[in-house]
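Asks: starting from these lines, generate the structure:
(one chain, ligands or ions: 2)
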Amino acid sequence: MKSDRLLTLITAARQFYQQGWMVGTAGNLSIRHDDKSFWITASGKSKGKLTQQDFVRVNLAGEVMELSHPDNRPSAETSIHQVIYTLFPEAQACYHVHSVEANLVSNLSNHEAISLPPLEMIKGLGVWQEDPQVKMSLFENYLEVPRIAQAIYDRFTIALPEIPALLIRNHGVTVWGRSPEETQNYLEIVEYIFRYILAARNYSYQ
Ligand SMILES: CSCCC(=O)C(=O)COP(=O)(O)O
Ligand SMILES: [Zn+2]
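Replies: Numbering: from 1, shown residues only. Ligands and ions are numbered 1, 2, ... in the order given. Purely as a prediction, here's the structure:
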C-alpha cells in the first residue's frame, strides 16, 4: 500500500537523520512501487521531518507519475535510483545518505574502489567468505548528477559490483536491497565499516 511504503521511508529517514547521515536536506530514499515505478523523496525536503506530502512517484525513465504534493519535484539524484532499479530488478529500496565518515573514507583511494577490511560484518552484505577481500565501488562526484548515474550504469553493465553499495567521492553512499529492511541493514553495515576503517587508522596494534 502507498502509505505503508511512504511511512517506511519517513521512519528510515528520521533514523538516518538522528544518526547524522541525512543532515538538513541531504540524501534521498526510494522504494519500489511496482516493476516500472518507484516512490522517491522530493527534492530539497528536510529529511528529519518528512511527511507523506514529500514524495514523488517516477517511472524507470524518470518521468513523474504521481505527486504527493503539486509543488514537489523529484530528488535531484533520481537518475541514480533509476540506474539501480534498472540494473537490479530485485532491488525494492535504494537509500542514499551523506555521512562524515563516508566522505572521509572516499578520499582514501585514488582508484575506482575502496578495499574493505575483512570483518565478520562483511557477511551482512551477502559475502560469505573466510578472510573476505571485498571492494566497494567508488565513483567521482559531478555537478551534473546524470553524469554520475551514467558512470554507474557503464561500469556495472561491464562488471556487477561485489556488494550492493557504491560510494561517490566527497558525497555519500548509496545502497540497495531486496526489501526496505535489508536495505537499511546494508546501510548500517557499510556505515559501521566506514567508522571501522577510520578508527583503525588511529589505532596501533601492539
Ligand atoms: C545538501 S544535499 C545536496 C544534494 C544531495 O546530494 C542530496 O542528496 C539531496 O538532494 P535531493 O534533491 O534529493 O534533496
Ligand atoms: Zn546526495
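Asks: count of residues packed around residue 122?
Replies: Neighbour count of residue 122, defined by other Cβ atoms under 10 Å: 21. The way it works is simple: take the backbone N, C-alpha and C, and place the C-beta from them, glycine included.
Asks: could you verify that it is part of a helix?
Replies: Yes: applying DSSP: H, G, I helix; E, B strand; the rest coil, one finds residue 122 inside a helix.
Asks: what about residue 35, distance to residue 174?
Replies: Going from residue 35 to residue 174 by Cβ to Cβ, to the nearest Å gives 21 Å.
Asks: between these two, tell me which one has more neighbours.
Replies: Taking other Cβ under 10 Å, residue 35 and residue 174 do not tie; residue 174 has more neighbours (28 against 9).
Asks: skip the chain neighbours and tell me the closest residue to that one.
Replies: residue 96 (4.3 Å; Cβ to Cβ, 6 or more residues apart in numbering).
Asks: could I get the phi/psi values of that neighbour?
Replies: With angles defined as degrees, to the nearest 10, residue 96 sits at phi -130, psi 120.
Asks: pretty sure it sits against residue 166.
Replies: No: the pair residue 96 / residue 166 is not scored as a contact, 9.5 Å apart, by Cβ atoms under 8 Å.
Asks: quick check: neighbours shared by those two?
Replies: When contacts are counted by Cβ atoms under 8 Å, 6 or more residues apart in numbering, residue 96 and residue 166 are jointly contacted by 173, 174.
Asks: element containing the residue nearest the centre of the chain?
Replies: The centre of the chain sits closest to residue 174, judged by Cα atoms, centre = their mean, with a distance of 2.0 Å. Following DSSP states H and E, the helix or strand that holds residue 174 is strand 172-177.
Asks: what's that strand packed up against?
Replies: Strand 172-177 sits against helix 78-87, strand 93-97, helix 100-105, strand 165-168, helix 180-201, with contacts defined as 3 or more Cβ pairs under 8 Å, 6 or more residues apart in numbering; DSSP states H and E.
Asks: good, wrapping up.
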